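Enquirer: could you look at this predicted model? Sequence included:
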Amino acid sequence: MRKSLFTSLLLVLSATIYGQTTWQVCVAEPDAGTCGLGQVGVFTPGNLVIQQGDLIQFTTHMVALTGYPGTSHDIQFTGSPANNVTLPVSSNILSQVTTVTTPPFNTPGIFPMECVDGNHCLIADLLSGYLCGGYTIEVQSSCTLTADFTTTSLDYCTGDVINFTNTSSGATSYTWKLDEFVFSTSTDAVLSFGGPGSHDIELIADDGAGCLDSTTITINIDQAVDAGADDDAIFCNVNDSIDLNSLVTGSSGGTWFEATSSGQFNSSTGVIDYSGLSPNTYSFNYFLTGTGACPNDTANFLITVNQEPDLNLILGSTTIAMSDSLYINFTTSGILGTASFLWNFCDGNLATDMSPFYYQWNTAGNQCVCVQVNNGNNCVETFCDSTIFIIDDLGINTDEFVFDIFPNPADEQLNIKFTSPQTATLNIWDAANRLVQNISIQDKTLIELDVASLPQGIYWFQFIKDEHTSIRRVIIQ
């Protein structure tokens, strides 16, 4: 037969150490007399009010469970499971079982208390008994710590180094959160953002004894503007322009200003036409307007315009015989006193003449007349005519290779008459050094050529015999 279990819990203040109180509760049969003589019960139907960090100690007194399954009694706190305990009981009515103490109640709030077997769990104020389920534990906050921090502003730019200074009190450790993600556990914190947006910064302070406090601020990050690096450039002032946007290393969409007065700068497009611009140094600013808390930014450009040399080759002919010299005639402008000339004729020879002169090639074939003019101010230009053609006319004006070409000029038919039968090769070149015809002469005294299809102009008839060449000038009209 199971004996009825009546539980009498009397709760008194026993000790306070560093602000932490342990509340004692006695569990006993009603007929066992006063539980712990001299104790004063503090439980009344309703709530037991304790402070954050306090504990509750349960002790059994003359409780028997004859016929009752089990030798333990669960006491639970709804909403605070960390404080649940298992209370041992004995089948010997004269035996007192050891005490069980809950962990500290660290979370403020109101928590209903109940037993696993509610029918046999009564809380009594001395001889009065009440169902365990009719009680709650109210935990009042006893925390004295405060979480707080400062920063210089709530609005920043991308790339800014943001310092958060901890001004909390009463805490021993800290947790910093960025949009719910922990980013630091140090006392103070530092952040920097690469992109714009709004972010919540939370500081959680912990005193190590179960007390927590937190505070949150929202900061706004604006996109910083970057006009890029300053730059210097040198240009020469003949027939050219520059789009200064090509020098910008920062963001596009800025505004251009000229600090000087060139008169040839388009501030809408950023293009400066420096053709004929007086040699000087010109200053330009590239300006970007900052957004939100971000400042404006400016890149500065110094453009130096120097005098560029100009040379115009005037060659009377681009096809000559090796026996002739070509008159290298030219005009110049914009040539400084510091200028130097370097001529190249594509035959391995160089010259440094600064006025017109004659030049003779000793090698047949395609040649050139090129000159590099250096003004000594970073302005260097090269001028070239690579259509020079040199014909080898040296060698076979001997008696056995005497011939006439008639009529010259010719319009329909051209005759070539040798004084004796000849075997040779005839190449016909036009004034642009293009090979028009190649004719093999085999033991001929007279050659009749139809030239009606040839365009009007000057032609060179090149006769090659053995290793010798002879040249004649022919006009087709």
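Expert: Arrived safely, thanks for sending.
Enquirer: okay, residue 77 and residue 85: tell me how far apart.
Expert: Distance check for residue 77 against residue 85: by CB to CB, to the nearest Å, it reads 9 Å. Quick note: C-beta positions are derived from backbone N, CA and C, even for glycine.
Enquirer: any residues in contact with both of those two?
Expert: residue 102 (CB atoms under 8 Å, 6 or more residues apart in numbering).
Enquirer: neighbour count winner among the two?
Expert: In this view residue 77 and residue 85 are compared by other CB atoms under 10 Å, and residue 77 has more residues nearby, 20 against 17.
Enquirer: may I have the beta-bridge partners of that one?
Expert: With DSSP bridges as the criterion, residue 77 is bridged to residue 113.
Enquirer: surely it is in contact with residue 109?
Expert: No - with contact defined as CB atoms under 8 Å, residue 77 does not reach residue 109; the gap is 10.1 Å.
Enquirer: my read: residue 192 touches residue 162, true?
Expert: Yes - counting by CB under 8 Å, residue 192 does reach residue 162; the two are 6.5 Å apart.
Enquirer: which of these two has more neighbours?
Expert: Applying other CB under 10 Å to residue 192 and residue 162 shows that residue 162 carries more neighbours, namely 18 against 12.
Enquirer: so that one is in contact with residue 220, correct?
Expert: No - because the distance of 11.3 Å does not satisfy CB under 8 Å, residue 162 is recorded as not touching residue 220.
Enquirer: what sits in contact with each of those two?
Expert: Taking CB under 8 Å, 6+ apart as the contact criterion, the residues that touch both residue 162 and residue 220 are residue 156.
Enquirer: residue 476 contacts residue 455, correct?
Expert: Yes - taking contacts as CB under 8 Å, residue 476 lies within contact range of residue 455: 7.3 Å.
Enquirer: any residues touching the one helix or strand residue 460 maps to, and which ones?
Expert: For residue 460, the element it lies in under DSSP states H and E is strand 457-465. Under the contact criterion CB under 8 Å, 6+ apart, strand 457-465 has outside partners 319, 391-392, 396, 401, 403, 405, 416, 422-431, 436, 469-476.
Enquirer: mind checking which of residue 476 and residue 455 has more residues around it?
Expert: With neighbours defined as other CB under 10 Å, residue 476 and residue 455 compare such that residue 476 has more, 20 against 8.
Enquirer: starting at the chain centroid, how far to stretch 371-391?
Expert: From the chain centre to the centre of stretch 371-391 is a distance of 44 Å (CA atoms, centre = their mean, to the nearest Å).
Enquirer: check which residues of that stretch are buried.
Expert: Of the residues in stretch 371-391, those buried under the neighbour-count criterion (16 or more other CB atoms under 10 Å) are 371-375, 377, 379-381, 383, 388-391.
Enquirer: for the helix or strand containing residue 256, buried residues please.
Expert: Using DSSP H and E, residue 256 maps to strand 255-258. Residues of strand 255-258 classed as buried: 256, 258 (neighbour count, 16+ other CB under 10 Å).
Enquirer: kindly report the same for stretch 402-409.
Expert: Neighbour-count burial for stretch 402-409 [16+ other CB under 10 Å]: 403, 405.
Enquirer: rewinding a little: the strand holding residue 460 pairs with which strands?
Expert: The partner list of strand 457-465 in its sheet, established with DSSP bridges, is strand 413-430 (antiparallel), strand 468-476 (antiparallel).
Enquirer: and the contacts of the very next helix or strand once past the first one?
Expert: Read that as strand 413-430. On the C-terminal side of strand 413-430, the closest following helix or strand by DSSP H and E is strand 435-450. With CB under 8 Å, 6+ apart as the contact definition, strand 435-450 has outside contacts at 412-418, 420-430, 454, 459.
Enquirer: buried ones among these?
Expert: Neighbour counting by 16+ other CB under 10 Å classes 414, 416, 418, 422, 424, 426-430, 454, 459 among the contacts of strand 435-450 as buried.
Enquirer: a markdown table for these, including distance to residue 144 and pLDDT?
Expert: Below are the buried ones among the contacts of strand 435-450 laid out as a markdown table (distance: CB to CB, whole Å; pLDDT from 0 to 100):
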| residue | distance to residue 144 | pLDDT |
| --- | --- | --- |
| 414 | 122 | 92 |
| 416 | 124 | 91 |
| 418 | 129 | 87 |
| 422 | 127 | 88 |
| 424 | 121 | 89 |
| 426 | 118 | 91 |
| 427 | 112 | 89 |
| 428 | 114 | 90 |
| 429 | 109 | 85 |
| 430 | 108 | 83 |
| 454 | 114 | 91 |
| 459 | 113 | 87 |
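Enquirer: so which of those is the closest to residue 58?
Expert: When the buried ones among the contacts of strand 435-450 are compared for distance to residue 58 (CB to CB), residue 430 comes out closest, at 123.3 Å.
Enquirer: the closest one pairs with what?
Expert: Beta bridges link residue 430 to residue 459 when assigned by DSSP bridges.
Enquirer: now swap in the one 5 residues further on and tell me
Expert: Here residue 435 sits in beta bridges with residue 429, going by DSSP bridges.
Enquirer: try the one 4 residues further on
Expert: Each beta-bridge partner of residue 439 is listed here: residue 426, as defined by DSSP bridges.
Enquirer: next, residue 347: secondary structure please.
Expert: Secondary structure state of residue 347, per DSSP: H, G, I helix; E, B strand; the rest coil, is coil.
Enquirer: contact partners for it?
Expert: Contacts for residue 347 (CB under 8 Å, 6+ apart) come out as 361-363, 367.
Enquirer: okay, and which of those residues map to helices?
Expert: With helices identified by DSSP state H, none of the entries of the contacts of residue 347 belong to them.
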